[in-house]
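Trainee: missing the sequence, but the structure's below:
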């Protein structure tokens, strides 16, 4: 097996995903459910080492570049936010203490925006990956998920961005609300219906949410149609609010397969041209781009 | 003690409240946490009898008039919905079986609207109580709560109504979401801020919700301000969507004290004239008005 010379790590709220690389080639990969939300500070380094320990070459210090939620103030490593407008990667990574001398830990800082107040952690790395793969690209990047982000990219910088609670709202309503008894499965026609309703009258969202329940009680509405309509209502509300972002722009959607496809469908209904990009691929490309900012001794050799 | 001749009951998702009356005079009252959400069908009659058993006069059948969630299809008593436009009370109550021969049970049916689909159960009784106390009143009645209702009243009928998930959404976000760490207490200035933001750009709600979290992370925002702002954002979204209801109308707000006051504050910011009415008073007046539709032997005697 090829010897790895660095490790990439993406640490979200609900997962930890790691790759061992030789240059640009992935030679190992692993993941666990040890997301930031479940871990105390003392459990973090062990959760990382558990996945990568067997990969570490003897007699050298392997750099690990990390992105994601772990940079938050209460977490293992305090990585301060960089203010936009700025490039998605700064020229300095934040070095973190490690008790294990076989690794050195380097965290990609998140981005912040003062007005309107906003933050991102992890998405800046996906954006950096996309920009490394698409140099000189201007436009809008949409990163759907628990907290969907829209970022305006120009001249190599993130100019502004805005976060929506869309994915979390879908989960809350599906799992904890009165609507939960009305939802199950997926009927694409419901998504289109809900999306068009929200685009037309986005201010009616709270009433339309209740109408899902009323439709079930009065007309025995299909649960797959209802669930897709709920998603369409929420994505529609997001697209209605982000019109200043996407109108007349090209849009790159970076996300997990199903959710990215739903946003692509939504954009197609608005005749907005989109390209789809895999989230893990972009993360890995972004962490690869961040290698250039490692301390001198860990940087990739110029050929 | 005056002998009671009928019993009024309001059965919500989270509570059961009962009154023993002699004509219009309350001679007993009690409540419990045995709301519909916690009870199986078999537990319902015992939960009611537990509160009223000691009040029942010997040697006669006492009528109990009930309103609220218990009329739902899966519950103890199936009381079908009456379609609007119609008077808030029909000329027939739905009689329910009782195993205890000392009581006869009569349920006020809810209201339904076909387009847009909507339902109410319990609020029709509050509306009936308000109309009994304010004959010949035309206007709009707002009933804030878990599922806020707006009803257009004309010529003694509920012409149309619309339900909003506002109160439930506030509870979901306060208890289960990422925002929960940012919220606690109440600062009135936050309510005004959130309300004005939503009235101005209601379509931005999902982004503004995330900004509560960002404000906390970036600027250490006060939790009381944040919680009141969340409430203001949601109430503002509701008022923005109900403009066709309240614009140029007089509005009666029926609700529990704190929430009714918040809606009155909101309406005052829009220069909409409102009157405030206690929810329990209106429920009791509505159940009193429903006595006229009991079977002949239970009706109040004309004087």
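Mentor: Here it is on my side, so go on. If you're wondering where the values come from, they're calculated on a predicted model, not measured in any experiment. Numbers count the residues shown, from 1 in each chain, chains lettered A, B, ... in the order given.

Trainee: every contact and neighbour count from this point should use C-alpha atoms.
Mentor: OK.

Trainee: which residues of chain A fall in strands?
Mentor: For chain A, the strands defined by DSSP state E occupy A:6-11, A:16-22, A:25-32, A:62-68, A:82-83, A:94-96, A:103-107, A:111-113, A:118-120, A:139-143, A:148-154, A:157-164, A:251-255, A:274-278.

Trainee: please convert the ones you listed to JSON lines, extending it with distance to residue A:50, mean pLDDT and mean neighbour count.
Mentor: Shown next, in JSON lines, are these (distance: least, C-alpha to C-alpha, whole Å; pLDDT from 0 to 100; neighbours: other C-alpha atoms under 10 Å in any protein chain shown):
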{"stretch": "strand A:6-11", "distance to residue A:50": "13", "mean pLDDT": "97", "mean neighbour count": "25"}
{"stretch": "strand A:16-22", "distance to residue A:50": "11", "mean pLDDT": "97", "mean neighbour count": "20"}
{"stretch": "strand A:25-32", "distance to residue A:50": "9", "mean pLDDT": "96", "mean neighbour count": "15"}
{"stretch": "strand A:62-68", "distance to residue A:50": "14", "mean pLDDT": "96", "mean neighbour count": "24"}
{"stretch": "strand A:82-83", "distance to residue A:50": "31", "mean pLDDT": "96", "mean neighbour count": "18"}
{"stretch": "strand A:94-96", "distance to residue A:50": "18", "mean pLDDT": "89", "mean neighbour count": "17"}
{"stretch": "strand A:103-107", "distance to residue A:50": "13", "mean pLDDT": "95", "mean neighbour count": "21"}
{"stretch": "strand A:111-113", "distance to residue A:50": "29", "mean pLDDT": "96", "mean neighbour count": "23"}
{"stretch": "strand A:118-120", "distance to residue A:50": "27", "mean pLDDT": "95", "mean neighbour count": "25"}
{"stretch": "strand A:139-143", "distance to residue A:50": "29", "mean pLDDT": "97", "mean neighbour count": "24"}
{"stretch": "strand A:148-154", "distance to residue A:50": "30", "mean pLDDT": "97", "mean neighbour count": "22"}
{"stretch": "strand A:157-164", "distance to residue A:50": "33", "mean pLDDT": "97", "mean neighbour count": "23"}
{"stretch": "strand A:251-255", "distance to residue A:50": "27", "mean pLDDT": "97", "mean neighbour count": "24"}
{"stretch": "strand A:274-278", "distance to residue A:50": "26", "mean pLDDT": "97", "mean neighbour count": "16"}
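
Trainee: need these in CSV (columns: distance to chain B).
Mentor: CSV is the format used below for the strands of chain A (distance: least, C-alpha to the nearest C-alpha, whole Å):
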stretch, distance to chain B
strand A:6-11, 17
strand A:16-22, 19
strand A:25-32, 22
strand A:62-68, 16
strand A:82-83, 11
strand A:94-96, 19
strand A:103-107, 18
strand A:111-113, 8
strand A:118-120, 5
strand A:139-143, 14
strand A:148-154, 9
strand A:157-164, 4
strand A:251-255, 18
strand A:274-278, 22
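
Trainee: give me the helix or strand of chain A that scores worst on average pLDDT.
Mentor: Using mean pLDDT, DSSP states H and E, the weakest-scoring helix or strand in chain A turns out to be strand A:94-96, at a mean of 89.

Trainee: the nearest residue to residue A:176 once chain neighbours are set aside: neighbouring residues, count only.
Mentor: In this structure, residue A:176 finds its nearest non-sequential neighbour in residue B:172, 7.3 Å apart by C-alpha to C-alpha, 6 or more residues apart in numbering or on different chains. Counted with other C-alpha atoms under 10 Å in any protein chain shown, residues neighbouring residue B:172 total 18.
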